[in-house]
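# return atomic coordinates for the entry below.
(4 chains)
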Number of protein chains: 2
Amino acid sequence: MSVPDITMMRIMGRWQGGASERLREAALGLFTTQGYDGTTVAEIAAAAGLTERTFFRHFADKREVLFVDQDEFERAFLGGLPESGDDPMALISGVLDGAATLFPEERRPWSRARQAVIIANIALQERELLKLSSLAFALTRALTSRGVDAASAALAAESAVTVFRTAFAVWVADGEKRTFADIQYSVFSRLRALLR
Amino acid sequence: MSVPDITMMRIMGRWQGGASERLREAALGLFTTQGYDGTTVAEIAAAAGLTERTFFRHFADKREVLFVDQDEFERAFLGGLPESGDDPMALISGVLDGAATLFPEERRPWSRARQAVIIANIALQERELLKLSSLAFALTRALTSRGVDAASAALAAESAVTVFRTAFAVWVADGEKRTFADIQYSVFSRLRALLR
DNA sequence: CCTCGCGATGTCAGTCCCTGACATCACTAT
DNA sequence: ATAGTGATGTCAGGGACTGACATCGCGAGG
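Model (predicted):
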């Protein structure tokens, strides 16, 4: 996604530009072939034609190189919140519908590759949980700002993220063919049926 | 909790015995007074009359010293699962009732101290999320072994953990007086009301 | 009573993650 | 042309964690 264009190059200082993207690609490649633990930050940086120190200027820590996308995803996710309304169920329904559009078929292979790396390493799963928790928190705030009471907002947000995460796991599973929207809808329905 | 008795001493090798407990207490104390990042493993070990190397023989990493209790908690939590039945709702209801008994009033001050340390450090929150995720996974397995289908089991388990976590956060909040069971019941009710 | 074995601890060296401080380079605006 | 700005390089160092090996305390068997 987002290859650096000429405009970016100009503001990126020394050499080729797009340092962050190069580092991300190098990291995913090395993690895939030799594992996360079997890869040092120095190696990633060298593969991107940079220095270890520069790596840490772009990413807070070694794990973060796989999760910067997630930050932009969080914005997109929250962007799917309906403009108005104060019914928690309607709001998270809307958010989930919006989220589904963020995972078109073309993205599935890449998501699978990334998920394979994450599943293979517990430290990476830990970071993923933190990101999802941050997502739930942001959604909670968005809901309360819509007038939902704090307790309901927190539970609705957590439930929405649970549905999303569960659906995502199914979507990237081996051999799965259904669309993200279809899977997510069925997960959501099942959750609602369960808690009654 | 669980101060080492004479029987333990015998099997604990060199010197006083109860190394693990000493390390845990030293760690919580130092984290409280000078913060998690401001405390080195060497300091903790020295405070317990041990070596850094020995610390890492008892705990997989620095964070884990605050979470070993959680492992025994996971066993107790799962132990609250009703003996029989295959209705997911009834099963997680039972588990949550059992979990509430694990947090009597006497434990609240200690839980507050511990939670204060965790809330102050994002790396610790990350670990806590991992533990809760592991708990949800274990509960999922327990439910499927009771005959619940995989998808429902996963959603029920995640929901149960969400309720527990939310209730816990309220229970340790400043000035909160209600019992864990009361809080958890109201959280659970609200979640069920929400998703209908 | 001795010694042998075993488990817990100590010691040491080394790798890797991550950071602060300072120098250097490319590019831009004036 | 020159100074300024932002990205990168270089260097030194702390702290987390690990493998290899030595040592100590204790309990079991002779």
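
# pLDDT averaged over stretch A:138-152 - what is it?
Averaged across stretch A:138-152, the pLDDT comes to 96.

# which parts of it are buried?
Buried positions in stretch A:138-152, judged by neighbour count with 16 or more other Cβ atoms under 10 Å in any protein chain shown: A:138-140, A:142-144, A:146, A:148, A:151-152. To be clear about C-beta, it is placed using only N, CA and C from the backbone, and glycine gets the same treatment.

# which of those residues sit farthest apart?
Greatest spatial distance in the buried residues of stretch A:138-152: A:Ala138 and A:Ala151, 17.2 Å, computed using Cβ to Cβ.

# up against chain B, what does chain A have?
When proximity is defined by Cβ under 8 Å from any Cβ of the partner chain, chain A lies next to chain B at A:88-89, A:122, A:125-127, A:129-130, A:133, A:151-152, A:154-156, A:158-159, A:162, A:166, A:187, A:190-192, A:194-196.

# of these, buried ones?
Of the residues of chain A next to chain B, these count as buried by 16+ other Cβ under 10 Å: A:88-89, A:125-127, A:129-130, A:133, A:151-152, A:154-156, A:158-159, A:162, A:166, A:187, A:190-192, A:194-195.

# among those residues, name the ones in helices.
Applying DSSP state H to these, the entries found in helices are A:88-89, A:125-127, A:129-130, A:133, A:151-152, A:154-156, A:158-159, A:162, A:166, A:187, A:190-192, A:194.

# contacts with DNA strand D among these, please.
Of the residues in those, proximity to DNA strand D by Cβ under 7 Å from any atom of the strand holds for none.

# how long is stretch A:57-70 end to end?
18 Å (Cα to Cα, to the nearest Å).

# how does chain A divide into domains?
Chain A breaks down by automatic domain parsing into domains covering A:6-60, A:67-194.

# I'd like the mean pLDDT over the first one, please.
Per-residue confidence for domain A:6-60 averages out to 86 on the pLDDT scale.

# before we move on, what about stretch A:91-107?
On average, the pLDDT along stretch A:91-107 is 97.

# return it as CSV; C-alpha atoms alone will do.
Output in CSV follows, covering the C-alpha atoms of stretch A:91-107 (Å, rounded to 0.1, in the frame of the first residue of the first chain):
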residue,chain,number,x,y,z
LEU,A,91,-24.0,3.0,16.1
ILE,A,92,-21.8,0.0,16.4
SER,A,93,-23.8,-1.7,13.6
GLY,A,94,-22.8,1.3,11.4
VAL,A,95,-19.2,1.2,12.5
LEU,A,96,-18.9,-2.5,11.7
ASP,A,97,-20.5,-2.0,8.3
GLY,A,98,-17.9,0.6,7.6
ALA,A,99,-15.1,-1.6,8.9
ALA,A,100,-16.0,-4.3,6.5
THR,A,101,-15.4,-2.1,3.5
LEU,A,102,-11.8,-1.7,4.7
PHE,A,103,-11.1,-5.3,3.9
PRO,A,104,-11.8,-6.0,0.3
GLU,A,105,-10.8,-9.2,-1.4
GLU,A,106,-7.6,-7.8,-2.8
ARG,A,107,-6.3,-7.2,0.7
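
# for the residue most central in space within chain A, which non-adjacent residue is closest in space?
Nearest to the mean C-alpha position of chain A, by Cα atoms, centre = their mean, lies A:Gln70 at 3.4 Å. Among residues not flanking A:Gln70 along the chain, A:Lys131 sits closest, at 4.8 Å (Cβ to Cβ, 6 or more residues apart in numbering or on different chains).

# so where do the helices sit in chain A?
Along chain A, counting by DSSP H, helices occupy A:6-11, A:19-34, A:41-47, A:52-58, A:68-79, A:88-100, A:108-119, A:122-145, A:150-171, A:180-194.

# can you name the residue of chain A nearest to chain B?
A:Leu129 (4.2 Å; Cβ to the nearest Cβ).

# which pLDDT value does the model give that residue?
Looking at A:Leu129, the pLDDT reads 98.
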